[in-house]
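> Here is my input, please return the structure:
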Amino acid sequence: MTDQNISRPVVRLRPNRARTVRFGFPWVYADELVLDRRSKSLEPGTIATLEDAERSPIGTVTVNSDSRIPARLMDRDPEAVIDAAWLERKIRFAHAHRERLYDAPFYRLIHAEADGLPGVIIDRFGDAAVIQPNAAWAEAMYAELETALITVTGVSTVVKNATGRARKLDGLDEESAVTTGTLDAAIPVQMNGATYMADLLGGQKTGLFYDQRANHAFAAGLAKGGAVLDVFSHVGGFALAALANGAASALAVDGSAPALALAEDGAKAMGASDRFTTRRGDAFDTMAALASEGAKFDLVICDPPAFAPNKQTVDKGLRAYERVARMGAALVAPGGYLVLCSCSHAADLAKFRDSSLRGVSRGGRVAQLIATGFAGPDHPTHAMLAETAYLKALFLRLE
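Residues are numbered from 1 along each chain as shown. Okay, here's the model as predicted:
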């Protein structure tokens, strides 16, 4: 046993609460943990040994009593040493999978708990990478995490992205920065034949949504020779893939002027500016305006932000997804296609599908469900954590 194991603190589960952790569930909630004065005094991000109610060690955890998840399982080995070598092994294992999947280094490298690094997101953009340390332990060990990343991948630029709801829930700041190297401009990313411009500092999340890669490709196959509408488009994810695969035209709608500017830069880089237009505005208002203009499209994609980010917002979120489906369906030409997406883990596939199909029906359209899509294989699912299987995409053909 090492000095780290001898000196580190112990936290204990309440009676009859060890079963899920023993089988690999990575979170321990506040009502499952003995949160006494000693455990509450631990510095957020402290590495500790987790014991069951009978004082038998069952794993190594990180502790943050201020978080809604006060303990996160780091390793099922109660004697695991969480150090630079441990981090490097985790990143190397994840890296081998992505290198097998893709012929260019543009992908999600670490998908939090699903890759064994709770609360950590790392997206790679060639020689650059973005780290989101969304848990207190990752914030405390950021330097070691960054070093391990560079050692495994050889990236020369690293960005720390400190934005987002997850960091707030763990009581962390929002100070983003380039922590290694330099970054002077958006980075061009080639996917599905299209060129996307990723703003690693000023864009949403890490700059690009890699999770939709496979869904972009499937939708693009439905777009050949047709007119495409991409609502909530961000940097043109679905629209640019459609243009790269033979769409006659694409209109991207988003509320962010910087995002649409990046979409226009991407279209220019791939020589498709003459077939690409943008429209800035509220998505619902813009869809209503297009309907009043009598606009029709062969392919309509609606990929909104998470309308149901937690259990408390599920009902409201499902009503919003229904509204999106109803309004989107009104813009699809007879025999055309409608793609509806959700990144809300709290609204499972069945609920999202029911709301979406209800919206289409209330819009007076008859739909065939031709395919269901999920996040790509660089976004693996933790076998016991539904939150890691958040993305759903419904591909519908309308009469």
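> Name the helix or strand for V228, please.
In the assignment (DSSP states H and E), V228 maps to strand 227-231.
> continuing past that strand, what's the next helix or strand?
helix 237-244.
> Just the residues contacting that following helix, thanks.
Residues from elsewhere that reach helix 237-244 (CB atoms under 8 Å, 6 or more residues apart in numbering): 191-196, 209, 212, 215-217, 219-220, 223, 228, 230, 233, 250-252, 263, 266-267, 270, 272, 275-276, 299, 301, 303, 339. Glycine gets a C-beta too; all of them are placed from N, C-alpha and C.
> After the strand or helix carrying A96, which helix or strand is next?
Taking DSSP H and E as the criterion, A96 maps to helix 84-101. Beyond helix 84-101 in the direction of the C-terminus, DSSP H and E gives the next helix or strand as strand 106-111.
> pLDDT of the next helix-or-strand element following that next one, averaged?
Heading C-terminal from strand 106-111, the first helix or strand you meet, by DSSP H and E, is strand 120-125. On average, the pLDDT along strand 120-125 is 98.
> Same check on stretch 22-42?
On average, stretch 22-42 scores 92.
> And stretch 226-233, how far out from the chain middle?
21 Å (CA atoms, centre = their mean, to the nearest Å).
> The contacts of helix 237-244 in strands, which ones?
Of the contacts of helix 237-244, the ones assigned to strands by DSSP state E are 191, 194-196, 228, 230, 250-252, 276, 299, 301, 339.
> from those, which two are the most distant?
Using CB to CB, these reach their maximum pairwise distance at T195 and V339, which is 21.1 Å.
> what about the two, which has more around it?
Neighbour totals were compared for T195 and V339, and V339 leads with 24 against 19 (other CB atoms under 10 Å).
> show me the residues around the residue lying closest to that one once chain neighbours are set aside that make contact.
Closest residue to V339 apart from its sequence neighbours, by CB to CB, 6 or more residues apart in numbering: I301 at 4.2 Å. When contacts are counted by CB under 8 Å, 6+ apart, I301 touches A219, V228, L229, D230, V231, F238, A239, L338, V339, C341.
> again, only this time at 10 Å
212, 215-216, 219, 222-223, 228-233, 237-239, 241-242, 250, 252, 328, 337-341, 393, 395 (CB atoms under 10 Å, 6 or more residues apart in numbering).
> ok so, going back, could I get the ones in strands among the contacts of helix 237-244 as JSON lines with distance to T179 and pLDDT?
Output for the ones in strands among the contacts of helix 237-244, formatted as JSON lines (distance: CB to CB, whole Å; pLDDT from 0 to 100):
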{"residue": "M191", "distance to T179": "26", "pLDDT": "97"}
{"residue": "A194", "distance to T179": "30", "pLDDT": "98"}
{"residue": "T195", "distance to T179": "27", "pLDDT": "98"}
{"residue": "Y196", "distance to T179": "24", "pLDDT": "98"}
{"residue": "V228", "distance to T179": "38", "pLDDT": "98"}
{"residue": "D230", "distance to T179": "33", "pLDDT": "98"}
{"residue": "A250", "distance to T179": "36", "pLDDT": "98"}
{"residue": "L251", "distance to T179": "38", "pLDDT": "98"}
{"residue": "A252", "distance to T179": "32", "pLDDT": "98"}
{"residue": "F276", "distance to T179": "35", "pLDDT": "98"}
{"residue": "L299", "distance to T179": "41", "pLDDT": "98"}
{"residue": "I301", "distance to T179": "35", "pLDDT": "98"}
{"residue": "V339", "distance to T179": "37", "pLDDT": "98"}
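> quick check, nearest of those residues to F106?
Of these, the one sitting nearest to F106 (CB to CB) turns out to be M191, at 6.9 Å.
> Would you list the strands that the strand holding V228 pairs with, along with their directions?
Within its sheet, strand 227-231 is paired with strand 249-254 (parallel), strand 297-302 (parallel), according to DSSP bridges.
> Looking at these, which is nearest to R108?
strand 297-302 (21.0 Å).
> list the buried ones in the next helix or strand along the chain from that closest one?
As assigned by DSSP H and E, the chain's next helix or strand after strand 297-302 is helix 314-329. Within helix 314-329, the residues that qualify as buried are 314, 317-318, 320-329, counting by 16 or more other CB atoms under 10 Å.
> for stretch 84-104, same thing?
W86, L87, E88, K90, I91, A94, H95, R98, Y102.
> try stretch 151-166
Per 16+ other CB under 10 Å, stretch 151-166 contains these buried residues: V152, T153, V155, T157, V158, V159, K160, N161, A162, G164, A166.
> Tell me the spatial nearest neighbour of L357, not counting adjacent residues.
Going by CB to CB, 6+ apart, L357 has A367 as its nearest residue, at 6.4 Å.
> how deep is that neighbour tucked in, by neighbour count?
Counted with other CB under 10 Å, A367 comes out at 22.
> before we move on, what about P188?
16.
> Which of the three states applies to it?
strand (DSSP: H, G, I helix; E, B strand; the rest coil).
> Identify the residues contacting it.
Here P188 is in contact with F106, F125, G126, T195, Y196, M197, A198, D265, G266, A269, M270 (CB under 10 Å, 6+ apart).
> now with 7 Å?
Contacts were defined as CB atoms under 7 Å, 6 or more residues apart in numbering; by that measure P188 touches T195, M197, A269.
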